[in-house]
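In: Dropping a prediction and its sequence here:
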Amino acid sequence: MTSLAQLPPHSHCVVASLPRSRGLAKRLIALGLTPGADVCVLQNWGRGPLIVEVHGARLALGRGQAARVEVEPESQPAGD
Amino acid sequence: MELSGERPPEVILALAGQPNVGKSTVFNALTGQDQHVGNWAGKTVEKMTGHFDHSGRRFEIVDLPGTYSLTSGSEEERIARDYLIQDPPDAVIALVNAASLERNLYLLAELLLLPVPIVVGLNMVDVAASHGTHVEAHVLQAALGLPVVELVASKGKGLRELIDAAQTVIDHPDSFQPSRPEIRPNHQPVLTEIEELLAGRSPAGYPPQWLALKLLEGDTDVAEVVREAVPGDVWERVYSILVEHDDAYLDIAGGRYDWIARMVRAAVVRPRRGVTVITDRIDRVATHPFWGLVVLLAALAALFAVTYSVAGPATSALSELISGTFSDWLRGVMDGAPEWLSGLIIDGIVAGAGTVLSFIPILIVFFAALGLLEDVGYMARTAYVMDRYMHWMGLHGKSCMPLLLGFGCNVPAVLGTRIIEERRARLLTMILTPFVPCAGRLAVLTFLGAAFFGRSASWALAALVGGNLVLLGLIGLAVNKLVFKGERSAFIMEMPLYHSPNLRTIGMYVWRNIWAFVRKAGTLIVIISALVWALSTYPGSDPESSVLGIVGRFVEPVGAVMGLGDWRLIVALVSGFVAKENSVATLGVLFGSGAGEAVGAAGAGLAAKVAAAMTPAGGPRSSSSR
């Protein structure tokens, strides 16, 4: 399984699972990161925080938090 | 006297919304100047209430704290939902941002479970359109089953219609039949089971379905409420269900997003994937690891350049007006009055008020510039760019925003630490905020810098400010390592789309920060200034033989260790404990010139006197350097 932090910019993915910490998971959910949500990575420089787009909103996400979100990368032309 | 302000409100509305939906813009546009800032009962969170008249009725509107959900993760969320349950308004206006509609509807999904009628204000349709997103309000309205009103609050568009819609919902409560989200099917039986256990036993005001749902969501506050209200054996059964289904919150949230997807499916037209919008273009530079930092430093440099070039002259003019023209005029008027009275008023109170007033131009320009950066959406980017550096202190990007505010005034900056969710990170940011050189400290530094370093004063000033910030970093590192043991906190933050600024919102931002300064710091400065004057005048005729002089000389040996061999300097230092800008005012009183004069450009005379008092007093230094 890949983590969100490992995805290059402009890649799309679907959230597979959230961090085990319930407090963190709830904050991510309120900001739109739910299991099954489509995510587009807008910025990922390899270090420092990421910017992702999910449910029509942009989020900055610390690298530590992004590393704990597991995702299913989507292949090039949006296959289901 | 505003007579209309005395009428009790007939309709009470609450304004709810996630951050970045333009809530304060709507609030300001509706209420104008008729606003009241207080605190939520027993809380340190600001409560804004406003009044307005609409079609012959008097409305009160309560601005709920901006939150992403109502799941009691933060004090704001608890306040918002406790208010809606225990003291329900006649209707709630739920503001959503058309540009990030799906995420914004999450709060609505939670609001719909509470027993209050709701109308939706679909705000920022212009910003959404400029980014290629179009929302059909009537389609959304049909799906949701509640009124949806299009707004461009920054231009005042749609507000009348919004209040009309709220009025209709209040007058015809039967017409309110919204679609409500449901938990995903696999946890539906469990939810029903808890509902049945709680039936007839739920504490006053709480809808049982809502309690059951919140329990399943793992809400500790609600668990406490229920545990106290139901018999022990019932709670044991509820509790065992909760333990067994501790993952149910995912299905509750999932159910809400499923509902949202159904609601927006037909109503939203999005740009094709991969279309570059304005925000992407700006962010390519503004959030770049290197260029983003350059942009941030340039923005800060511009902020200070504007602040001191525009406000500097105004400050000198103002302090001269107060300590010169106005004080002289007052002296003339009070010619016959007893000496103690004119002394107290002119050298104590007016001089102190002059110190406060002379900072206001600087603060106005500073907060206006900062408010502009905030309103266009840039502030979130400073947090993003600074995040990796803040990690050295165990903090994250969000701490950067109150620290920036601290350059204007530390008082609102400490209040601003609210935006940081974790207690630990918030505490550390509060500890560090006073190390940010605020406008007051910069004024003291400017004054003392000129006194001691003459022509190279600006270099000395830069070194002092730089040293100050290095100290901030070191203390952050140390506190994080020693006290918090290097714990990390989570950085999760919305990056709003860039949009054009709204002058009214910026104006209110400036006003609130200035008012916080005047109320909290201003009153103290005036009191201290009057007190210093009194203590330095009595019982003797000159400062030497006054209370302050006697005490000051008593502690002189302690000061000498720090190179402050003159008691007057120690007194000035101590008075700075209360408000930094006091120390210059105190020096002014003790060295016998007007305090206001000291702050302005006309402080050269005082500067020379202070420098003279300081230099021969450097006992320890001169002996060591022979």
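Out: Cool, got the structure.
In: From now on I want contacts and neighbour counts done on CA atoms only, so please keep to that.
Out: OK.
In: Tell me which other helices or strands the lengthiest helix in chain B touches.
Out: Longest helix of chain B, by residue count under DSSP state H: helix B:291-320. Helix B:291-320 sits against helix B:278-286, helix B:351-376, helix B:379-390, helix B:595-599, with contacts defined as 3 or more Cα pairs under 8 Å, 6 or more residues apart in numbering or on different chains; DSSP states H and E.
In: go with 6 Å
Out: helix B:278-286, helix B:351-376 (3 or more Cα pairs under 6 Å, 6 or more residues apart in numbering or on different chains; DSSP states H and E).
In: Output the top helix by length along chain A as PDB, nothing but the C-alphas.
Out: The longest helix of chain A (DSSP H) is helix A:22-30. This file holds the C-alpha atoms of helix A:22-30, laid out as PDB (Å, rounded to 0.1, in the frame of the first residue of the first chain):
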ATOM      1  CA  ARG A  22      -9.100   8.700  16.100                       C
ATOM      2  CA  GLY A  23      -8.500  12.400  16.900                       C
ATOM      3  CA  LEU A  24      -6.400  12.900  13.800                       C
ATOM      4  CA  ALA A  25      -8.700  10.800  11.600                       C
ATOM      5  CA  LYS A  26     -11.700  13.000  12.600                       C
ATOM      6  CA  ARG A  27      -9.900  16.200  11.800                       C
ATOM      7  CA  LEU A  28      -9.000  14.700   8.400                       C
ATOM      8  CA  ILE A  29     -12.600  13.600   7.800                       C
ATOM      9  CA  ALA A  30     -14.000  17.100   8.700                       C
END
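In: Verify the contact between B:Cys438 and B:Gly408 for me.
Out: Yes. With contact defined as Cα atoms under 6 Å, B:Cys438 reaches B:Gly408; the gap is 5.1 Å.
In: More neighbours: those two, which one.
Out: B:Gly408 (30 against 25; other Cα atoms under 10 Å in any protein chain shown).
In: circling back to that earlier point, what's the angle from the longest helix of chain B to helix B:278-286?
Out: If you take axes from the mean of the first three to the mean of the last three Cα atoms, to 10 degrees, helix B:291-320 sits at 90 degrees to helix B:278-286.
In: got the angle between helix B:291-320 and helix B:379-390?
Out: Using the same axes, to 10 degrees: helix B:291-320 against helix B:379-390 is 110 degrees.
In: The next helix or strand after helix B:291-320 - contacts with which helices or strands?
Out: The helix or strand immediately downstream of helix B:291-320 is helix B:327-333, counting by DSSP states H and E. Where contact means 3+ Cα pairs under 6 Å, 6+ apart, helix B:327-333 is not packed against any helix or strand.
In: And stretch B:480-493, how far out from the chain middle?
Out: 22 Å (Cα atoms, centre = their mean, to the nearest Å).
In: Can you mark which positions in it are buried?
Out: B:480, B:486, B:488-493 (16 or more other Cα atoms under 10 Å in any protein chain shown).
In: Go through the helix or strand of chain A with the lowest mean pLDDT and flag the buried ones.
Out: Least confident helix or strand of chain A, by mean pLDDT, DSSP states H and E, is helix A:22-30 with a mean of 89. By 16+ other Cα under 10 Å, the buried positions in helix A:22-30 come out as A:22, A:24-30.
In: same question, stretch B:187-196
Out: By neighbour count on 16+ other Cα under 10 Å, the buried set for stretch B:187-196 is B:187, B:190-191, B:194-195.
In: How about stretch B:238-254?
Out: Neighbour-count burial for stretch B:238-254 [16+ other Cα under 10 Å]: B:238-239, B:241-242, B:248-254.
In: if we take these, which one ends up nearest to B:Pro19?
Out: Distances from B:Pro19 to those, taken as Cα to Cα, are shortest for B:Ala253 (19.2 Å).
In: residues near the residue of the stretch 301-450 of chain B found nearest chain A, how many?
Out: As assessed by Cα to the nearest Cα, chain A sits closest to B:Arg388 within the stretch 301-450 of chain B, at 5.2 Å. Residues lying near B:Arg388 (other Cα under 10 Å) number 20.
In: okay, now the closest residue to it other than its chain neighbours: neighbour count?
Out: What sits nearest to B:Arg388 in space, not counting adjacent residues and going by Cα to Cα, 6 or more residues apart in numbering or on different chains, is A:Gly48, at 5.2 Å. A:Gly48 sits with 19 neighbouring residues when counted by other Cα under 10 Å.
In: Specify the local secondary structure of A:Gly48.
Out: coil (DSSP: H, G, I helix; E, B strand; the rest coil).
In: pLDDT at it, what is it?
Out: Looking at A:Gly48, its pLDDT stands at 90.
In: wait, what's in contact with B:Gly394?
Out: B:480, B:488 (Cα atoms under 6 Å, 6 or more residues apart in numbering or on different chains).
In: backbone phi and psi for it, please?
Out: Backbone torsions of B:Gly394, given as degrees, to the nearest 10, read phi 70, psi 10.
In: Roughly how far does it sit from B:Gly292?
Out: According to Cα to Cα, to the nearest Å, B:Gly394 and B:Gly292 sit 21 Å apart.
In: ditto for B:Val285
Out: On the measure of Cα to Cα, B:Val285 and B:Gly292 end up 6 Å apart.
In: do whichever strand or helix holds B:Arg262 and chain A meet at all?
Out: Assigned by DSSP H and E, B:Arg262 belongs to helix B:248-264. No. For a cut-off given as Cα under 6 Å from any Cα of the partner chain, helix B:248-264 has no contacts with chain A; the smallest distance is 6.8 Å.
In: next helix or strand past that helix?
Out: Defined by DSSP H and E, the subsequent element after helix B:248-264 is strand B:268-269.
In: For that next one, which helices and strands make contact with it?
Out: Using 3+ Cα pairs under 6 Å, 6+ apart: strand B:268-269 touches strand B:134-135.
In: The strand it packs on pairs with which strands, and in what direction?
Out: Strand B:134-135 has these partner strands in its sheet, going by DSSP bridges: strand B:268-269 (antiparallel).
In: ok, back up a step: among B:Val285 and B:Gly292, which residue is more densely surrounded?
Out: Higher neighbour count among B:Val285 and B:Gly292: B:Gly292, with 20 against 15, using other Cα under 10 Å.
In: OK, contacts around that one?
Out: B:285-286.
In: Just list the residues touching B:Val45, thanks.
Out: B:Asn39.
In: Quick check: which ranges of the chain have low pLDDT?
Out: I'll assume chain A. Applying pLDDT under 70 to chain A picks out residues A:75-80.
In: wrong one, I was asking about chain B
Out: Judged by pLDDT under 70, the stretches of chain B that qualify are B:1-6, B:72, B:273-276, B:486-487, B:540-544, B:578-579, B:592-605, B:614-626.
In: For it, which residues are neighbours of chain A?
Out: So far as Cα under 6 Å from any Cα goes, chain B lies against chain A at B:68-69, B:100, B:102-103, B:388, B:491-495.
In: before we move on, back to that, any idea how far A:Ala67 is from the residue nearest to B:Arg388?
Out: Applying Cα to Cα to A:Gly48 and A:Ala67 gives a distance of 12 Å.
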